[in-house]
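Asks: here is my input; please provide its structure:
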Amino acid sequence: MLMIRPFQGIIYDEKKVGDLTKVLAPPYDVISPSEQKFYHQLHPYNIIRIILGEEYPADTEEENKYTRARNYFKKWLSSGILVKEKVPAIYVYEQEYPFEERRVRRRGFIALMKLEKFGSGVIFPHERTLPHARLDRLRLLRACRANFSPIFSLYSDRSHRVDERIERASFLFSIRDKDGVRHSLGAIRDKSVIEEIAEEMKDKKVFIADGHHRYLTALSFREEMGGKGRGEDFVMMYFLNMEGGSATILPVHRAVRNLGVRKLAQLKESLSEFFNIEVFEFSPKDEKRQRKRMLERLRGTGEDCAFGMYCGEKRYYFLSLKETYKDSFQGKVDSAILNELILEKILKRKDWKKGEDIDFVKDEEKAVSLIRKGDYQIAFFLKPPSLRQIREISLAGKVMPPKTSYFYPKLLSGLVIRELDEQNGAF
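Replies: Sure thing, here's the model as predicted:
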């Protein structure tokens with residue numbers, strides 16, 4: 001059974017910090033080194049100092065980015081930079097954002113969720129995780145005993161009963177970020193409404209969209225602490241109804257390198273055994289138009305397996321899996337087929353290392369630029385998985401490769417913070 005609870009959120013005091021856009025940041029795992037530096041310089045109270053602190057050569061076990069994060073958190077609480085709400089609440093989080101020449105409004109809610117192990121039938125992952133990232137988040141959780149970013153989850157509710165209840169919330173504040181996304185936070189403090197939401201949610205299945213590492217970290221921390229019914233038994237979670245039509249998923253493309261001359265020379269011939277190949281020739285004047293045509297062709301294939309490809313020549317390629325092989329890959333998303341068929345079978349490599357042999361890029365222009373500059377040799381353009389694929393694969397107990405999906409926009413870190421004290425997790 002899914003158990004959710006209100007909590008006493010910790011929020012920045014706008015009167016003391018000023019512009020809230022200068023103290024909030026995206027989730028730690030989408031922040032580049034240059035962005036990390038930018039957020040550190042943006043404001044002395046930016047949440048980056050806690051979620052992704054700077055490292056120094058002189059760091060020790062006693063003094064490091066995790067101990068500094070703890071000190072910042074304690075100091076900001078004691079000085080009133082961060083203020084803990086007096087009444088437990090469920091927080092309503094709305095994002096309004098531009099997408100494909102229209103504005104989309106996405107409204108979900110933030111509450112505590114009682115931790116359940118994967119396989120319990122309550123919560124389902126959809127992507128594989130990386131061990132080193134889990135250790136980093138565990139060290140931060142040990143040091144600060146707080147959740148600074150909600151885990152992003154999806155649930156299905158065609159009745160929209162929960163949506164109706166969270167629509168009633170009034171906002172505490174509303175801000176617009178540099179990408180044109182409006183973030184608004186509200187609070188539901190009425191016990192009867194909170195109980196109604198908890199009752200509606202108790203039989204729902206939850207799918208993690210973003211935050212797999214943080215969820216596994218929370219499970220590990222609970223085991224360490226032996227927490228049952230305490231703060232460690234709950235985690236801060238954002239819940240979005242996948243039936244609302246506001247879950248935007250962007251593709252994550254791949255750029256690969258360190259391929260031998262022979263493999264590159266034989267690539268198109270090897271691909272032609274498994275894929276129908278269409279060529280989009282271009283001149284300098286119509287490169288963008290031909291790229292757009294190729295990408296539109298790709299997006300028009302629905303859930304059928306297809307890729308775009310660029311190798312630095314004056315042409316783009318569109319690859320669609322031949323009918324003969326479709327049954328062999330039934331039920332698999334494109335990223336999994338790319339891994340198995342192209343990266344492993346055709347290019348004969350299994351140990352692709354991020355940053356060395358492969359990079360993950362959400363922007364098509366950047367992927368093309370990486371090839372043109374000679375940093376990488378081939379770019380593969382992918383479609384995002386559908387919500388149906390995420391749900392079906394998750395329910396089947398399977399997971400997709402890392403960096404298969406990019407849910408947009410990201411949830412802000414520091415918007416509302418949850419401290420792991422004994423009062424949390426109860427009405």
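
Asks: what does the domain assignment say about this structure?
Replies: 4-249+407-419, 252-383 (automatic domain parsing).

Asks: quick one: closest of those to Pro401.
Replies: Comparison of these against Pro401 by CB to CB identifies domain 252-383 as nearest, at 4.8 Å. In this view, the C-beta of every residue, glycine as well, is placed from N, C-alpha and C.

Asks: off-centre distance for the closest one?
Replies: 23 Å (CA atoms, centre = their mean, to the nearest Å).

Asks: mind putting the domains of the chain into a markdown table with distance to Ile393?
Replies: Shown next, in a markdown table, are the domains of the chain (distance: least, CB to CB, whole Å):
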| stretch | distance to Ile393 |
| --- | --- |
| domain 4-249+407-419 | 6 |
| domain 252-383 | 7 |
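
Asks: deepest of these, which one?
Replies: domain 4-249+407-419 (a mean of 18; mean count of other CB atoms under 10 Å).

Asks: gap between that domain and the chain center?
Replies: So, by CA atoms, centre = their mean, the centroid of domain 4-249+407-419 is 11 Å from its chain's centroid.

Asks: pLDDT on that domain, on average?
Replies: On average, the pLDDT along domain 4-249+407-419 is 95.

Asks: quick one: end-to-end distance for that domain.
Replies: Using CA to CA, to the nearest Å, the span of domain 4-249+407-419 from its first residue to its last is 16 Å.

Asks: how about stretch 313-330?
Replies: The first-to-last residue distance of stretch 313-330 comes to 32 Å (CA to CA).

Asks: so what does Tyr97 look like in phi/psi?
Replies: When read as degrees, to the nearest 10, the backbone of Tyr97 gives phi -150, psi 150.

Asks: could you pull up the residues touching the spatially closest residue to it that is not a sequence neighbour?
Replies: Using CB to CB, 6 or more residues apart in numbering and skipping the chain neighbours, the partner closest in space to Tyr97 is Val181 (4.3 Å). By CB atoms under 8 Å, 6 or more residues apart in numbering, the contact set of Val181 is Gln95, Glu96, Tyr97, Pro98, Pro409.

Asks: look up how far Leu415 lies from the first one.
Replies: Here Gln95 is placed at a distance of 10 Å from Leu415 (CB to CB, to the nearest Å).

Asks: hey, what's in contact with both of these two?
Replies: His183.

Asks: do you know how far the nearest residue to Gly53 once chain neighbours are set aside is from Gly397?
Replies: Computed as CB to CB, 6+ apart, the closest residue to Gly53 that is not its neighbour in sequence is Lys65, at 3.5 Å. Separation of Lys65 from Gly397 (CB to CB): 36 Å.

Asks: related to what we said a few turns ago, so which of the contacts of Val181 comes closest to Glu35?
Replies: Using CB to CB, these come closest to Glu35 at Pro409, 15.0 Å.

Asks: my read: that closest one touches Asp179, true?
Replies: Yes - using CB atoms under 8 Å, Pro409 and Asp179 qualify as a contacting pair, with a distance of 7.1 Å.

Asks: before we move on, the earlier item: show me what contacts the residue nearest to Gly53?
Replies: Lys65 neighbours (CB under 8 Å, 6+ apart): Gly53, Glu54, Glu55, Asp59.

Asks: most widely separated two among the contacts of Val181?
Replies: Top of the distance list for those (CB to CB): Gln95 and Pro98, 11.1 Å.

Asks: are we agreed that Phe152 is in a strand?
Replies: Yes - Phe152 forms part of a strand when assessed by DSSP: H, G, I helix; E, B strand; the rest coil.

Asks: identify the residue spatially nearest to it, adjacent ones excluded.
Replies: In space, Phe152 is closest to Asp210, 3.9 Å off (CB to CB, 6+ apart).

Asks: overlap in contacts of Pro409 and Asp179?
Replies: Shared contacts of Pro409 and Asp179, counting by CB under 8 Å, 6+ apart, come down to Tyr97.

Asks: pLDDT averaged over stretch 267-277 - what is it?
Replies: Mean predicted confidence for stretch 267-277 is 96.

Asks: can you list phi and psi of Gly374 for me?
Replies: Per degrees, to the nearest 10, the backbone of Gly374 is at phi 80, psi 10.
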